[in-house]
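# Sharing a model that was predicted from the sequence below.
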Amino acid sequence: MNMGLARDFPGTLVVARREIRDQLRDWRILIPILILTLFFPILMNFTARTAVSFVEAYGAPIIGDRLIPFLLMVVGFFPISVALVIALESFAGERERLSLEPLLATPMTDAQLYFGKIFASLLIPIGAAYLGIFVYLVSLLWRLGWTPTPELLAQILLLTAAQALLMVTAAVVISTQTTSVRGANLLASFIIIPAAQLIIIESLIMFWGRYNVLWWIVAALVLVSIVLGRMGLHLFNREELLGREFDSVDVKWGAGRFWEGFRDKTRSPLVWYRETFTQTLVEMRVPLIIMTIAMIAAYVIGYRSASSFTLPEQLFAQDQIGSALTSELSNLGFMSARGWAWIVFNNLRALAIASLLGAFSLGIVGMLLLMAPVGIVGFLAGNFALAGSDTSYLIAALVLPHGIVEIPAAIIAGAAILQLGLAALSLPRGSSLGASWLIALGKWARISLAIVIPLIIIAAAIEVFVTPRIAVAMLGGP
Amino acid sequence: MAFLIETYNLTKQFGDLVAVDDVSLRVEAGEILALLGPNGAGKTTTIRMLASILKPTRGWVRIGGIDTLEEPAKVRSRIGLLTEHHGLYTRMKSQEYLAYFGQLYGLDPERTAERAIELLSRFGLDDAFNQRLGQYSKGMRQKLAMTRALLHDPDVLLLDEPTSAMDPESARMVRESILGLRSGNRALVVCTHNLHEAEALADRIAIIRGGCIVAQGTASQLMHDYLGHPIMELKVAGQLNGAVDLLPDDVRVRERGHDWVRFQASDPQQANPEIIKRMAAAGVRIVTLSEVKRSLEEAYLSVMQSEAEQ
């Protein structure tokens, strides 16, 4: 692999150099970059100064302290957004301008062409981002006398590069899978939405002041980029770049692919139902293992967080639980069909949201949403333990009766979402992105319909009609 | 015989569509083969398989004895491809563009520069050396694309519709250049639907229809195979009258006028002297006895018609 990369590098540079020269002659790329590099940092500097003086006037200087590093990240992020446009255009644009075939007919290897495009898409936007950061820092030093710590500066510089790398590697995959720039731009929402989610998470972390987490984010971004780069190269196919026609809407074809994933050649509903367990579920064993580990991790993290964010002890005194529980249960609509319907509706809504977000974030956000309740249970269990209660007894009373059904449902749902989200990354050779995603959607629908939804319905019934009785019996009450 | 291009049972399928079906071709050094066929016949797909851009579904391609699947990069370095669309980078100058492709083909920069000047001069583009390609006319772009294909001096040249979108003068110049590229160590394949071009350029013509090679040979072989024996025209002074009866028995009359007759003989070398002898003996004065020129177009249409009937 390393030998190959070293051998391919000169050719990669040849491809990249031409692309970069071409970008430097394109005013549609240069003008936004110049504005984002020179004007935007000055605007951010003004914003920082105004915000700092405003929050200081109201005695909240910490907000200003946190805002300046956040704006540093924003100043770096905007120029690298241009990298996405360049990368989306890389192969689709060449194909559209009919200049791809002469390039593919040269002795350049796939890796040289592929990484040449990636390299070219990164260089100018990252350079511009760093220049923008430099302009912002100089103006901050001049106007506010603020300088970042070397660690923060290194984090922001690496984070900027890692974000650019992630967007570019994903965009080049899309560019190789579409026939036109328009098609690539439409598919870019698969990158823009996760990137927006990432920026929100990074902002929260920075305002929270947990800068060390940024190292983990950089590492995760680089890791995902490597996966995307390798996957993209695996999928890079001269033949398909020239021969495929993806962009025309074909509802019948789309429905056919969905049905292929949903039905999978089974002939009767009984066989379909049986094979959902014996085949589809078995095929999902890796996502199932990942999701199980993630759920355990969520519980452990939640449990351990209790020591950092301890709730008042009196809330968790076991002698108060019984009476509080019995008085609250009827108010919450438990022991009634209405309560059952309400829980089913809420869980299905959570499943739908997790699936939707997971589909656009390689399954990650979907997983996190399903992990959150388990994390909360862990956090509460941790607080119970700190209050001196018997955690396992409480869990057995309050969670276990319906959790036996609901937790497997969440694991299976999460695995299906993960599989759907990763469909774009694990295309079989010869398959298109659209076909692979629609088949994965069909499988997700099959798992949801045959397993997850029935389990959610059963779990809600247990939660409403059985768990309260066990809880009351175990924890005491009328 | 060493063939520079050799294909065997070459087949390409896209889903249910068979674009190229069981094509076996051989082109030797110094030879020009024209792939002649209508749009969608499979010419470009064949060329792309020869250029190692598309992989055959079945069968194989060897360029200079190298299998395209086994050593695609090596094959590509021996091929010059003129694509149907020139595909130039319009913000570049010809000098930069050729230097870039020189690097892609692993050429030495000095050699590339020399070769670029030589080729640009050959195609009459030396004045536009520093002009951006976006300012080039269609003809100039096509000529530059030809230059790109020839830059690394390939021994196999694949030309897909080389004169499409060119004015007659430029097309003629490119055709002459193509003929000038014929050499003892180079094989050329020219894809075209222009019959005149195929006839003017090619040593052999392969007619392709529905992905299959339906006829193959020299232009005269094709005309003979699909239009029958040569048609001769006999023109006499005065009225033809009973002179037709003097024609030998194995001669088939196709058409006649008041002073001329067109006929087909299975062996004109035998029949024509006999006819002259008989006419002279009967006192018929012959003005001309010549072969009627037939076009490749007629042969092509005949091939297409017979294929359609089948």
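Received the coordinates, thanks. Numbering: from 1, shown residues only, chains lettered A, B, ... in the order given.
# all contacts plus neighbour counts: C-alpha atoms, from now on.
OK.
# Could you list the buried residues of the helix or strand hosting B:Thr11?
In this assignment (DSSP states H and E), B:Thr11 forms part of strand B:3-14. Going by neighbour count (16 or more other Cα atoms under 10 Å in any protein chain shown), the buried part of strand B:3-14 is B:3-7, B:9-13.
# packing partners for it?
strand B:17-28, strand B:58-63 (3 or more Cα pairs under 8 Å, 6 or more residues apart in numbering or on different chains; DSSP states H and E).
# Extract the C-alpha set from the shortest one and format it as CSV.
What follows is strand B:58-63, C-alpha atoms only, in CSV (Å, rounded to 0.1, in the frame of the first residue of the first chain):
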residue,chain,number,x,y,z
ARG,B,58,-16.5,-11.7,-22.8
GLY,B,59,-13.6,-12.2,-25.2
TRP,B,60,-10.3,-10.4,-25.2
VAL,B,61,-8.3,-7.6,-26.7
ARG,B,62,-4.6,-7.6,-27.3
ILE,B,63,-2.6,-4.5,-28.2
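# ok, the helix or strand following it: who's next to it in the sheet?
Moving toward the C-terminus from strand B:58-63, the first helix or strand encountered (DSSP H and E) is strand B:66-67. According to DSSP bridges, strand B:66-67 forms sheet pairs with strand B:58-63 (antiparallel).
# List of residues touching the strand it pairs with?
With contact meaning Cα atoms under 8 Å, 6 or more residues apart in numbering or on different chains, strand B:58-63 is reached by B:4-12, B:22, B:49-50, B:67-69, B:75, B:78, B:156.
# and if we set it to 10 Å?
Strand B:58-63 is contacted by residues B:3-13, B:20-27, B:46, B:49-52, B:55, B:67-72, B:74-76, B:78-79, B:155-156, B:187 when judged by Cα atoms under 10 Å, 6 or more residues apart in numbering or on different chains.
# Which among those count as buried?
B:3-7, B:9-13, B:20-25, B:27, B:46, B:49-52, B:55, B:67-69, B:72, B:74-76, B:78-79, B:155-156, B:187.
# Can you tell me the closest non-neighbouring residue to the closest residue to chain B within the stretch 201-350 of chain A?
The nearest approach of the stretch 201-350 of chain A to chain B comes at A:Glu239, 4.9 Å away (Cα to the nearest Cα). Sequence neighbours aside, B:Leu54 is the residue nearest to A:Glu239 in space, at 4.9 Å (criterion: Cα to Cα, 6 or more residues apart in numbering or on different chains).
# SS state for the one you found?
coil (DSSP: H, G, I helix; E, B strand; the rest coil).
# residues near residue 100, how many?
Using chain A here. 21 (other Cα atoms under 10 Å in any protein chain shown).
# switch to chain B, that's the one I care about
By the measure other Cα under 10 Å, the count of residues near B:Tyr100 is 21.
# contacting residues for B:Arg252?
Contacts for B:Arg252 were tallied using Cα under 10 Å, 6+ apart; they are B:231, B:262-266.
# just to revisit the earlier point, quick one: the strand holding B:Thr11 to strand B:17-28, angle?
Here strand B:3-14 points in a direction 180 degrees away from that of strand B:17-28 (axes from the mean of the first three to the mean of the last three Cα atoms, to 10 degrees).
# Send me strand B:3-14 as CSV with only the CA atoms.
Below are the C-alpha coordinates for strand B:3-14, written out as CSV (Å, rounded to 0.1, in the frame of the first residue of the first chain):
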residue,chain,number,x,y,z
PHE,B,3,-1.0,-8.1,-35.4
LEU,B,4,-0.9,-4.9,-33.4
ILE,B,5,-4.6,-5.0,-32.6
GLU,B,6,-6.3,-8.3,-32.1
THR,B,7,-9.7,-9.0,-30.6
TYR,B,8,-11.4,-12.3,-30.1
ASN,B,9,-15.2,-12.8,-29.5
LEU,B,10,-15.2,-9.3,-28.0
THR,B,11,-18.5,-8.7,-26.3
LYS,B,12,-19.8,-5.9,-24.1
GLN,B,13,-23.1,-5.9,-22.3
PHE,B,14,-24.6,-3.1,-20.3
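# Just checking: what are the partner strands of that strand?
strand B:17-28 (antiparallel), strand B:58-63 (antiparallel).
# Confidence-wise, which of those strands is weakest overall?
Comparing mean pLDDT across the strands paired with strand B:3-14, the lowest value falls on strand B:17-28: a mean of 90.
# Would you mind identifying the next helix or strand past that one?
According to DSSP H and E, the helix or strand after strand B:17-28 is strand B:32-36.
# Only alpha carbons, please: show that next one as CSV.
Only the C-alpha atoms of strand B:32-36 are listed here, as CSV (Å, rounded to 0.1, in the frame of the first residue of the first chain):
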residue,chain,number,x,y,z
ILE,B,32,-5.8,1.3,-41.5
LEU,B,33,-9.1,-0.3,-40.5
ALA,B,34,-12.3,1.7,-40.7
LEU,B,35,-15.2,0.7,-38.4
LEU,B,36,-18.1,1.8,-40.4
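# so the very next helix or strand once past it versus strand B:3-14, what angle?
Toward the C-terminus, strand B:32-36 is succeeded by helix B:43-50 as the next helix or strand (DSSP H and E). Using the same axes, to 10 degrees, one finds that helix B:43-50 and strand B:3-14 are set 120 degrees apart in direction.
# hmm, which two among the contacts of B:Arg252 are most spread apart?
Using Cα to Cα, the contacts of B:Arg252 span at most 13.6 Å, a distance reached by B:Arg262 and B:Ser266.
# Name the residues contacting each of these two.
Listed as contacting both B:Arg262 and B:Ser266 by Cα under 10 Å, 6+ apart are B:231, B:251-252.
# does whichever residue of the stretch 1-150 of chain B sits closest to chain A count as helix, strand or coil?
Scanning the stretch 1-150 of chain B for the residue nearest chain A gives B:Gly87, at 3.7 Å (criterion: Cα to the nearest Cα). What three-state DSSP gives for B:Gly87 is coil.
# Please name the nearest non-neighbouring residue to it.
B:Gly87 sits nearest to A:Ser99 (Cα to Cα, 6+ apart), 3.7 Å away.
# Next: B:Ala237.
Nearest residue to B:Ala237 in three dimensions, chain neighbours excluded: B:Arg285, at 5.5 Å (Cα to Cα, 6+ apart).
# mind showing which ranges of the chain have poor pLDDT?
Answering for chain A, as no chain was given. Filtered on pLDDT under 70, chain A yields the residue ranges A:1-5, A:61-62, A:243-249, A:316-327, A:329-330, A:333, A:424-432, A:476-478.
# not quite, I wanted chain B
B:1, B:165, B:310.
# all helices for it, in order.
B:43-50, B:72-77, B:94-104, B:109-122, B:138-150, B:168-181, B:195-201, B:219-227, B:268-281, B:296-309 (DSSP state H).
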